[in-house]
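Student: need a structure here:
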Amino acid sequence: MTRLALKDPLLDFQVLRAAGSAPYGGADIGECIATARRVKPGDLDNWYAEWVATAEASAALAARAETSGDRETARLAYLRASTYYRTAGIVLLRPPLDPRLQDSNAKQTELFRRAGALMNRPPEALEIPYEQVSLPGYFFRAADDAERRATVILTGGYDSTVEEMYLTNGAAALARGYNVLAFDGPGQGGALIQRHLTLRPDWENVIRPVVDYALTRPDVDPHRIALIGPSLGAHLAPRGASEEHRLAACIADCGAFDLHAAFLRRLPSPLAAGVRRRSRTGEQALRALLGFLIAKPTAGWALRRGLLVHGVEDPIDLVASLRAFTLAGRAERITCPTWVCSAEGDEISESAPELFAALTCEKEYVRFTAAEGAGDHCEAGARTLYHARSFNWLDQRLRPHATDVNEPA
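Tutor: Predicted coordinates for the structure are as follows:
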């Protein structure tokens, strides 16, 4: 993995994740490194405080610039502030909901919308009908004309937000002439933190109403809709595509084929075997291990996050809930062309070749390497390289019309 500023691998990756949005205006690399180096080792409260301080400074700069009429400085500073608030709150993903997490999530949304208002074509804030509630989202138009255009739907991961998705994939798609429809699904971003909707495995029932909404728009070409998912989204997007056949393409960026199997691979072999058999001794040993890990500031973060996202109280129940998250027997149902990738240093995506092997549709597989700076989870430090390869593939299938490529959306 790339080492950027900190010894702790989890926190250093979060620094890289924030800094990786710099090409699209979401961060300044120097600000990220300077903030990270102020953090006391292993102190998550201090992490939150330092990133909030950087976010507040960037938001203040944006407000001054907007008042003075400097729209470009204001737009970029609001975007950076939004990223820094998201980065601040991410370490607080755990039950019960921390008011600081709710506050940082609300502020990252507010500041992103202030940035959006200063874009050439401000995004539309959406409430996408979903069962008896709605999902928050945005629609970004690639142009101001009335043409029906190729459109990408962006679905996120375990701890992404719909605002972050603009930076991870949305801005790159817009620059290539795609409309962009991004949303927080159950268990993600504002849908989780503000609306208390928890994750579900049957993502086809989440994607279906999103596609339904897209098809109501006169600026969306119904025959050129693609679904892109990074991280957990690289599991959820193929799951959605397995039943939603109105999609013209699917991109899976560094996800796991089977979440429960991926969890077992990280356990010592005897313990994994006991858990696989669902033996009492295996469960007892697993409970002891999880209880030890979950109390650790960063080593236990993924477990604490999982409890909140899945809406369970017991780590054993969290592990059990992962059994439903498998693409076995489902990947074969995908009919649209599908692009799958993994990254060399990323254990989360090491099972991506299983998805590729199971696909019976038109498909392509790409492995990113550490030698090219792209070996981290979701190519966090090399997003422009990732976009060059993934959109080159997608462009050949959806044929977007590029518009004002060099201007901010």
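Student: what secondary structure does residue 226 sit in?
Tutor: strand (DSSP: H, G, I helix; E, B strand; the rest coil).
Student: With residue 112 instead?
Tutor: The local conformation at residue 112, judged by three-state DSSP, is helix.
Student: from memory it sits against residue 165, does it?
Tutor: No - using C-beta atoms under 8 Å as the test, residue 112 is too far from residue 165 to be in contact (10.5 Å). No exception for glycine: its C-beta is placed from N, CA and C like everyone else's.
Student: Give me the number of neighbouring residues for residue 125.
Tutor: The local packing of residue 125 (other C-beta atoms under 10 Å) involves 14 other residues.
Student: Am I right that it sits in a strand?
Tutor: Yes - under three-state DSSP, residue 125 falls within a strand.
Student: List the residues that contact it.
Tutor: 113, 136, 137, 138 (C-beta atoms under 8 Å, 6 or more residues apart in numbering).
Student: mind checking how far residue 128 is from residue 181?
Tutor: Taking C-beta to C-beta, to the nearest Å as the measure, residue 128 falls 9 Å from residue 181.
Student: Out of the contacts of residue 125, name the ones that lie in strands.
Tutor: 136, 137, 138 (DSSP state E).
Student: pLDDT score for residue 404?
Tutor: At residue 404, the pLDDT value in this model is 47.
Student: repeat for residue 15
Tutor: For residue 15, the pLDDT comes out at 98.
Student: Make 382 the starting number, not 1.
Tutor: In the new numbering, first residue 382, that becomes residue 396.
Student: And it, how far from residue 726?
Tutor: For residue 396, the distance to residue 726 (C-beta to C-beta) stands at 16 Å.
Student: Neighbour count for those two, which is higher?
Tutor: Between residue 396 and residue 726, residue 396 has the larger neighbour count (other C-beta under 10 Å), namely 26 against 15.
Student: Endpoint to endpoint, stretch 512-525 covers what distance?
Tutor: Distance across stretch 512-525, first residue to last, is 32 Å (C-alpha to C-alpha, to the nearest Å).
Student: And the contacts of that stretch?
Tutor: Contact partners of stretch 512-525, identified using C-beta under 8 Å, 6+ apart, comprise 497, 502, 504-509, 530, 543, 547, 551, 555, 558-567, 570-572, 576, 578, 587, 590-591, 598, 600, 781-782, 784-785, 790.
Student: Repeat that for stretch 390-410.
Tutor: Here stretch 390-410 makes contact (C-beta under 8 Å, 6+ apart) with 382-387, 413-414, 416-417, 420, 428, 456-457, 460-461, 463-465, 468, 471-472, 545, 547-549, 552-553, 679-680, 682, 757-758, 761-765, 789.
Student: What residues of it count as buried?
Tutor: Neighbour-count burial for stretch 390-410, counted by 16 or more other C-beta atoms under 10 Å, picks out 392-403, 405-410.
Student: longest helix of this protein?
Tutor: Under DSSP state H, the helix in the chain containing the largest number of residues is helix 425-449.
Student: following the worst-scoring helix or strand of the chain on mean pLDDT, which helix or strand comes up?
Tutor: Counting by mean pLDDT, DSSP states H and E, the weakest-scoring helix or strand in the chain turns out to be helix 650-658, with a mean of 91. Toward the C-terminus, helix 650-658 is succeeded by helix 661-675 as the next helix or strand (DSSP states H and E).
Student: Please point out which parts of that next one sit buried.
Tutor: Quick answer for helix 661-675 (16+ other C-beta under 10 Å): 663, 664, 666, 667, 671, 675.
Student: Could you export those as JSON lines, including pLDDT?
Tutor: JSON lines is the format used below for the buried residues of helix 661-675 (pLDDT from 0 to 100):
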{"residue": "663", "pLDDT": "88"}
{"residue": "664", "pLDDT": "89"}
{"residue": "666", "pLDDT": "94"}
{"residue": "667", "pLDDT": "95"}
{"residue": "671", "pLDDT": "96"}
{"residue": "675", "pLDDT": "97"}
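Student: Save those as a markdown table, and put in distance to residue 773 too.
Tutor: Conversion of the buried residues of helix 661-675 to a markdown table gives the following (distance: C-beta to C-beta, whole Å):
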| residue | distance to residue 773 |
| --- | --- |
| 663 | 46 |
| 664 | 47 |
| 666 | 48 |
| 667 | 44 |
| 671 | 42 |
| 675 | 42 |
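Student: hmm, back to that, in terms of secondary structure, what does the least confident helix or strand of the chain contact?
Tutor: Applying 3 or more C-beta pairs under 8 Å, 6 or more residues apart in numbering; DSSP states H and E, we find helix 650-658 packed against helix 640-646, helix 661-675.
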